[in-house]
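Student: quick one, what's the 3D model for this:
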Amino acid sequence: MTSTSLRSDLAVCGVAVDAPVHRRAGAGPSDDGHVLLGGVRTALPLVPTSKYRVRDGRLLLDGADLGLEVSPVARPAFYDLTTADGVAYEKIARLHGSDVLATTVVQTCVRYDEAERCRFCAIEESLAQGSTTAVKTPDQLAEVAEAAVRLDGVRQMVMTTGTSAGRDRGARHLARCVRAVTQSVPELAVQVQIEPPGDLAAIGELKAAGAVSIGIHVESLDDDVRRRWMPGKGSVPMAEYRAAWAEAVRVFGRNQVSTYLIVGLGEDPDELVAGAGDLIELGVYPFVVPFRPIAGTLAVDVDGWTPPPSWLVADVTARVAELLVEAGMHGYEQKAGCAACGACSALPSAGA
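Tutor: This is a model prediction of the structure:
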């Protein structure tokens with residue numbers, strides 16, 4: 001297994017490798033290529049000038065072989081197909097890791113104007129580039145999911161959405177999409193990702209539609225950081241997040257609920273770890289990832305923000321992992337989703 005320190009350094013420095021399966025722009029917080037690192041699915045920033053390189057399937061650091069095999073994830077067969085209504089499958093959903101299908105069912109966000117936009121987010125950039133569509137229909141998603149399972153062995157699916165102006169914040173369209181997919185491909189485990197809905201009944205509707213796990217992503221537990229980095233989303237009180245997490249744990253179960261915590265936004269590391277501990281006690285898995293600069297985001301284009309030091313990522317990750325292991329919570333025990341995949345975090349390297 002890759003050490004936590006090496007995995008964290010790779011997440012910060014990236015790697016020079018040709019990765020056929022990759023993502024450019026999007027909802028964030030990653031902008032990466034997908035590889036198998038020592039046989040483990042891993043998402044890493046693609047950085048041609050990185051000190052880490054791949055040669056003949058081996059990971060090198062400044063030319064020295066680190067003893068790890070690296071295999072880029074192959075382009076999936078379903079990418080070559082189009083839907084019944086003429087849309088390329090890869091504009092509907094993308095392969096993440098080696099066996100995860102991911103989609104943003106609504107590629108616009110009510111908070112995307114500069115005054116409210118999350119500064120690490122580029123959700124509408126991929127739409128502007130023409131690499132996706134604004135709204136994915138339930139029928140389209142069901143068609144793509146069936147092909148991805150049949151042709152490429154996809155085992156789980158992640159569905160997220162840009163925030164809508166409705167009180168449900170997009171959850172009910174997400175539920176319609178989940179229902180269509182799970183009816184078409186009952187064996188496919190689906191995670192949904194939403195903001196706290198104004199009506200908590202929407203969480204139960206997502207479960208009833210067939211979702212097996214849920215992500216309600218706060219990114220930071222520090223209100224000052226939230227206001228600075230997520231002025232729109234940060235206006236949602238933490239009390240709403242806590243209520244949504246509690247309801248989600250009641251509906252989906254302990255360790256089937258997760259939230260992103262991003263290292264490198266300026267939050268005090270000790271407070272971040274303490275907050276992660278509070279989430280774990282609630283039954284929520286804190287999925288810790290480093291901030292990664294993405295072109296097209298305000299953090300890069302306006303602020304010039306850079307990644308955190310790798311030692312900080314490794315330290316926070318190791319401490320949160322220790323809390324998770326003590327609580328008996330592991331990402332691989334989640335039925336679907338980011339924690340189940342683990343590719344974007346060093347937590348699996350730390351045993352969580």
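Student: keeping just the C-alphas, turn stretch 300-314 into CSV.
Tutor: Output in CSV follows, covering the C-alpha atoms of stretch 300-314 (Å, rounded to 0.1, in the frame of the first residue of the first chain):
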residue,chain,number,x,y,z
VAL,A,300,-7.0,30.2,-9.5
ASP,A,301,-8.0,32.8,-12.0
VAL,A,302,-8.6,35.6,-9.5
ASP,A,303,-7.0,34.6,-6.2
GLY,A,304,-4.0,32.7,-7.4
TRP,A,305,-4.4,30.2,-4.6
THR,A,306,-2.0,27.3,-4.5
PRO,A,307,-2.3,23.8,-3.0
PRO,A,308,-1.5,23.2,0.7
PRO,A,309,1.9,21.7,1.7
SER,A,310,1.9,17.9,1.4
TRP,A,311,3.0,17.5,5.0
LEU,A,312,-0.2,19.3,6.2
VAL,A,313,-2.4,17.1,4.0
ALA,A,314,-0.6,14.0,5.3
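Student: what sits up against that stretch?
Tutor: If you take Cβ atoms under 8 Å, 6 or more residues apart in numbering as the criterion, stretch 300-314 is touched by 4-5, 7-9, 11-13, 119, 263-264, 269, 290-295, 299, 346. (Glycine included, C-beta is placed from N, CA and C.)
Student: so which bits of it are buried?
Tutor: 300, 305, 307-308, 310, 312-314 (16 or more other Cβ atoms under 10 Å).
Student: please apply the same query to stretch 330-338.
Tutor: Those would be 330-331, 334-338, for stretch 330-338 by 16+ other Cβ under 10 Å.
Student: what's the answer for stretch 175-194, then?
Tutor: Buried, per 16+ other Cβ under 10 Å, within stretch 175-194: 175, 177-182, 184-185, 188-194.
Student: and if you look at stretch 115-130?
Tutor: Judged by neighbour count (16+ other Cβ under 10 Å), stretch 115-130 contains these buried residues: 116-127.
Student: tell me the two of the residues you listed that are most distant?
Tutor: Within the buried residues of stretch 115-130, E116 and S126 form the most distant pair, 19.3 Å apart (Cβ to Cβ).
Student: state the three-state secondary structure for I262.
Tutor: strand (DSSP: H, G, I helix; E, B strand; the rest coil).
Student: contacts only, for it.
Tutor: So I262 contacts 29, 120, 219-220, 289-291 (Cβ under 8 Å, 6+ apart).
Student: where does the stretch 251-352 of the chain dip in pLDDT?
Tutor: The stretch 251-352 of the chain contains no residues with pLDDT under 70.
Student: selection in PyMOL covering whichever of the contacts of stretch 300-314 are buried, please.
Tutor: Here is the PyMOL command that selects only those of the contacts of stretch 300-314 that count as buried (16+ other Cβ under 10 Å):
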select buried, resi 4+5+7+8+9+11+12+13+119+263+264+290+291+292+293+294+299+346
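Student: out of the contacts of stretch 300-314, which are inside helices?
Tutor: Using DSSP state H, the subset of the contacts of stretch 300-314 located in helices is 4-5, 7-9, 11-13, 269, 299.
Student: let me know the pLDDT of S164.
Tutor: At S164, the predicted lDDT confidence score is 92.
Student: wait, isn't it in contact with R111?
Tutor: No - taking contacts as Cβ atoms under 8 Å, S164 lies outside contact range of R111: 10.2 Å.
Student: neighbour-wise, which of those two wins?
Tutor: Neighbours per residue, other Cβ atoms under 10 Å: of S164 and R111, the larger number sits with R111, 21 against 18.
Student: correct me, but the more buried one touches R169?
Tutor: No - under the criterion of Cβ under 8 Å, R111 makes no contact with R169, lying 10.1 Å away.
Student: name the residues contacting each of these two.
Tutor: By Cβ under 8 Å, 6+ apart, the residues touching both R111 and R169 are T163.
Student: which residues are in contact with the residue nearest to A340 when sequence neighbours are not counted?
Tutor: Spatially, and ignoring its direct neighbours in sequence, A340 is nearest to Q334 (4.1 Å; Cβ to Cβ, 6 or more residues apart in numbering). Taking Cβ under 8 Å, 6+ apart as the criterion, Q334 is in contact with 191, 213, 255-256, 258, 285, 340.
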